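> Please find the sequence and the predicted model below.
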Amino acid sequence: MIGLITRLRQLRHSDQTIAAYVQETLVESLYASPQSLVIGAVTSSAITMIVALVSGNAWMTGCAIAIAAVAGSRIVDALRLSRRSAKRQPSKKAALGPWGRRQERLYRSGAIGYSSLLGTFGLLTLVNTNDGVLQLLAVTTTIGYAAGIAGRNAGRPWIALSQLSFASVPLAIGLLVSLEPLKIALAIVILLFVVAMMDITLQTYGVILKATVASREKTALAEHHAAIARRDDLTGVANRTAFREQFEARLQRVSADEYRLAINWLDLDRFKEINDSFGHLAGNALLAEIARRLDQAFGKDGVVARLGGDEFAVVCTVNTEADAMTIGQTILALVEKPVLHEGRLLQVNASIGIAIAPADGSDADTLLKNADLALYRAKDSGRGQMCFYEPLMDEKISRTRDLAAEMQGALERGEFHLVFQPIFDLAGEHVLSCEALLRWTNRQHGAISPAEFIPIAEDTGLIVSIGGWVIREACRIASAWPQAVKIAVNLSPIQLRSANLTTVIMNALASTGFAAERLELEVTESVLLEDIEASLAALDAINRLHVRTTLDDFGTGYSSLSYLTKFPFQTLKIDRSFITDLEQSPASVAIVQTVIDLAAKLGMRTVAEGVETQAQLNQLRRTRCDAVQGYLLARPLPASMVATMLAGNAQKAQARS
């Protein structure tokens, strides 16, 4: 008995400390079997009504009517909650909140009221009748009810124990007041029965509580793992798996709700340059901040996901195409804002492809494909912009994607080769250097123009490995040429800011035995605009290797005289647009002359490229340019023909001497 009292005290403490979600689950267990509640209520009401009618006692009849009324209300309540639970999603069960607490109070009042009435009816039967059959019916009905609730309501033990007491104790009192030895013995048995059932109820409650807690913990852990599996580790937004699920769920509501869904597929422009220049930690910080901005702006009502690498997707509900355009412009603005990382401002742009459901497709695969096509169009149109999907998009996008796929492994398959365009002295007799030009002959598409495949190589980041191969191959081939002939190689902007550029150059020189003074690396003016400090550091590092640097295409629209004093160039190449106009435009003549004079005063050589007529060459000779290059003098040639040309020039020089 002392142990039972101790456990009752522990019960009060544990019931106050268990988690709310566990309490809610236990409350629902009260309604786990509405059928048994209905059967018990109907049979008990019927038996008490029969006993009351047979006895003819007014008090018993009134009590029986009250029992039937309470039983009816409990049946209605049980069936109502059963239907409500069936309609709710499984994941939302055991999360009823305040409603669950109200439902527990309602159940408790009905259960205690019903058990009290049954106990009272048994007491009235024992006191007011002498019919043994009627007394047997009343007592067994009440005791049977008390025994049943010990297991049925064990999830909320205070309710079960209260019902047990209110139903059984009045019976014991009724038996005791008779002062008959057998009835007194039965009263003692009933009281012992109550104690035993209390113990059983508490044990059952302990088992139910442990099972409920374990089940909820297992469910919570599974939900946690599921959430992690659908979240991008770096940025915290949805990953590709979660994006697909949420996107398809929203698509299912498009036709039913008659609204539009815009998918914005965005790719960060030149993101690889950030990794190459500042490291992967800087790139990760940039990705995380961009994801945070997008999620803050669109995550509440839309879907924001990182699909991998530097690709993101934003799905939003729109009414018109103008709404989608506004969203796209907002995304561009959010991405363009600089990100501060370890004292540096990191900045990229984005290209966005937009597809709108249901106009551009009703299923996820079609919409994603069309958004991807629109993204390629946006990147192909100059980056930093958005493009809507159009059904009649030209085949150029498909070709670009095919070429990008083919470029993977093209270097290993030996599909790239070099040709060389000689650069002559002003007289046009001696070859001073040759510019190495990359060519690609693909196994499927044949010869492909550099103007087409170089941007693809830059987009995919393959330009770094391909450019490294060009430097090594150019040095290898030129090592067999006369010592006086130099080799010029163009550098991509991505190469220039690559962290291992100087290592690539040193390895190429060491492996081929080519002299550093004979290597010239050319960069265009546009490179210098993007990151002056990084470009200056890269050029200084190149010059410290005794490799010469050339400013290519000087005068193409970005020219600034400050470049000539800030950057360590040894050569200026005057853009072909000025050379083309030499015959018709006095202004071009004046500009070319000014550039040549300025370069001479700064200690730089000048090369005029794009010389295609004799008149242009004659005019350049009057300006005293250092070197000339163009189709008039020589077209790009295979390495074997260059070697033959240089050998012929050497023989002519020996003959003249």
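All right, it came through fine. Numbers count the residues shown, from 1 in each chain.

> Could you use CA atoms for every contact and neighbour count after this?
Fine.

> Residue 427: neighbour count?
Applying other C-alpha atoms under 10 Å, we find 12 other residues in the vicinity of residue 427.

> I'd assumed it was in a strand, is it?
No - applying DSSP: H, G, I helix; E, B strand; the rest coil, one finds residue 427 to be coil, outside a strand.

> For it, list the residues it contacts.
residue 621 (C-alpha atoms under 8 Å, 6 or more residues apart in numbering).

> ok, now how distant is it from residue 621?
Distance from residue 427 to residue 621, counting by C-alpha to C-alpha, to the nearest Å: 8 Å.

> and the helix or strand where residue 64 lies, what does it pack onto?
Element membership of residue 64, judged by DSSP states H and E, is helix 58-87. Counting by 3 or more C-alpha pairs under 8 Å, 6 or more residues apart in numbering; DSSP states H and E, the packing neighbours recorded for helix 58-87 are helix 34-55, helix 98-128.

> Tell me where the stretch 551-657 of the chain has strands.
For the stretch 551-657 of the chain, applying DSSP state E, counting those that start in this stretch gives strands covering 571-574, 605-609, 627-629.

> if we can go back for a sec, relative to residue 493, which of the helices and strands packed on helix 58-87 is closest?
Among the helices and strands packed on helix 58-87, the nearest to residue 493 by C-alpha to C-alpha is helix 98-128 (63.0 Å).

> Toward the C-terminus, what is the element adjacent to the closest one?
Following helix 98-128 toward the C-terminus (DSSP H and E): helix 132-152.

> elements contacting the next helix or strand after that following helix?
Scanning forward in sequence from helix 132-152 by DSSP H and E, the next helix or strand is helix 157-177. Helix 157-177 is packed against helix 98-128, helix 132-152, helix 181-229, with contacts defined by 3+ C-alpha pairs under 8 Å, 6+ apart.

> measure the spatially closest residue to residue 513 that is not a sequence neighbour to residue 470 for me?
Spatial nearest neighbour of residue 513, chain neighbours left out: residue 479 (7.1 Å); criterion: C-alpha to C-alpha, 6 or more residues apart in numbering. As judged by C-alpha to C-alpha, residue 479 and residue 470 stand 14 Å apart.

> Neighbour count: those two, which is higher?
A side-by-side neighbour count of residue 479 and residue 470, using other C-alpha under 10 Å, places residue 470 first with 23 against 19.

> Quick check: which element contains the more buried one?
According to DSSP H and E, residue 470 maps onto helix 463-478.

> Which positions in that helix come out as buried?
In terms of neighbour count (16 or more other C-alpha atoms under 10 Å), helix 463-478 has its buried residues at 463-464, 466-478.

> What of stretch 267-286?
In stretch 267-286, counting by 16+ other C-alpha under 10 Å, buried: 267-278, 282-286.

> In helices, which of those residues fall?
Counting by DSSP state H, the buried residues of stretch 267-286 place 271-278, 282-286 in helices.

> and which of the residues you listed is nearest to residue 575?
residue 273 (26.6 Å).

> I'd like the distance between the closest residue to the closest one other than its chain neighbours and residue 468.
Nearest residue to residue 273, sequence neighbours excluded (C-alpha to C-alpha, 6+ apart): residue 494, at 5.9 Å. Remark: distance between residue 494 and residue 468 (C-alpha to C-alpha) = 12 Å.

> Identify the residues contacting the strand or helix carrying residue 495?
Here residue 495 sits within helix 493-496, counting by DSSP H and E. Applying C-alpha under 8 Å, 6+ apart, the contact partners of helix 493-496 are 273, 458, 461, 463, 464, 467, 501, 523, 527, 535, 538, 539.

> Show me what counts as buried in stretch 570-590.
Quick answer for stretch 570-590 (16+ other C-alpha under 10 Å): 570-576, 578-580, 582-583, 588-589.

> Quick one: end-to-end distance for it.
22 Å.

> Could I get the phi/psi values of the most centrally placed residue in the chain?
The residue lying closest to the centre of the chain (C-alpha atoms, centre = their mean) is residue 306, at 2.4 Å. Main-chain dihedrals, residue 306, degrees, to the nearest 10: phi -100, psi 120.

> cool, residue 409 as well?
phi 90, psi 0.

> how many other residues sit next to the closest residue to residue 478 other than its chain neighbours?
The shortest distance from residue 478 to any non-neighbouring residue, by C-alpha to C-alpha, 6+ apart, is to residue 487 (6.6 Å). The local packing of residue 487 (other C-alpha under 10 Å) involves 25 other residues.

> Could you tell me which residues make contact with the closest residue to residue 570 other than its chain neighbours?
Once flanking residues are discounted, residue 570 sits nearest to residue 604: 4.9 Å by C-alpha to C-alpha, 6+ apart. Remark: with contacts taken as C-alpha under 8 Å, 6+ apart, residue 604 is in contact with 569, 570, 571, 572.

> Where do the helices of the stretch 251-400 of the chain begin and end?
271-278, 280-298, 321-336, 364-380, 396-407 (DSSP state H, counting those that start in this stretch).

> Ok, the stretch 401-550 of the chain next?
In the stretch 401-550 of the chain, helices defined by DSSP H, counting those that start in this stretch lie at 450-460, 463-478, 493-496, 501-512, 525-530, 532-544, listed in chain order.

> Make a markdown table from those helices and add mean pLDDT to it.
Formatted as a markdown table, the helices of the stretch 401-550 of the chain follow (pLDDT from 0 to 100):
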| stretch | mean pLDDT |
| --- | --- |
| helix 450-460 | 91 |
| helix 463-478 | 96 |
| helix 493-496 | 89 |
| helix 501-512 | 96 |
| helix 525-530 | 70 |
| helix 532-544 | 89 |
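
> Columns distance to residue 340 on top of the ones you listed, output as a markdown table?
Putting the helices of the stretch 401-550 of the chain into a markdown table (distance: least, C-alpha to C-alpha, whole Å) gives the following:
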| stretch | distance to residue 340 |
| --- | --- |
| helix 450-460 | 24 |
| helix 463-478 | 26 |
| helix 493-496 | 21 |
| helix 501-512 | 25 |
| helix 525-530 | 17 |
| helix 532-544 | 16 |
